[in-house]
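Q: Quick one, what's the 3D model for this:
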Amino acid sequence: MKRAFSLREKYEICLECRTQLEAGKKLKLEEFGLLFPGRDGKGISTSTLSDILSNSKEILMHPPTDGSQKKKSRAPLYPTFEAFLAEWIERAHCMRVPVNNAVILTQALLLPFSKVSR
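A: Residues are numbered from 1 along each chain as shown. Below you'll find the model as predicted:
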C-alpha cells in the first residue's frame, strides 16, 4: 500500500540524512530507508526516499511550523487577505474574544479587499 508522508515526516527524514552525512556516514538508500520503518516493519522504499531527498534543500529551508499532518505545501490563494485575517484572529485570541466560523466570516466580509461571498 502506498503511503503519503506529511511535511513534518519529510522534514525529519531530510534532517536525519543531513545528520548522517555530517557524521561522515554514507548510507545506501535501502539502509537509510530502514531507519524509518512503516507499519509493516519495512523501511521506506528507495524511490520514495529518492523523491523526498531530491527536494531536501527546499524542505529544510521551510520547516513545518503548523499543519504537521499536511501532505503538500501550497501557497495561499489570497496571501494579503489571509495575512490580515490571520492577524485579526490572533488579536482576537489575545483579547480572549470567542472566535468561531460565523465571526471569522463576518470579519472577512468587512475587509476592504474581501472577495468572500455567501
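Q: and Arg3, how many neighbours does it have?
A: 11 (other C-beta atoms under 10 Å). From N, CA and C alone the C-beta is placed, and that goes for glycine too.
Q: what pLDDT does the closest residue to it other than its chain neighbours get?
A: Spatially, and ignoring its direct neighbours in sequence, Arg3 is nearest to Gly38 (6.4 Å; C-beta to C-beta, 6 or more residues apart in numbering). What the model reports for Gly38 is a pLDDT of 75.
Q: and what of Ser54?
A: For Ser54, the predicted pLDDT is 92.
Q: how about it, phi and psi?
A: With angles defined as degrees, to the nearest 10, Ser54 sits at phi -70, psi -20.
Q: and the gap between it and Pro64?
A: Counting by C-beta to C-beta, to the nearest Å, the gap from Ser54 to Pro64 is 18 Å.
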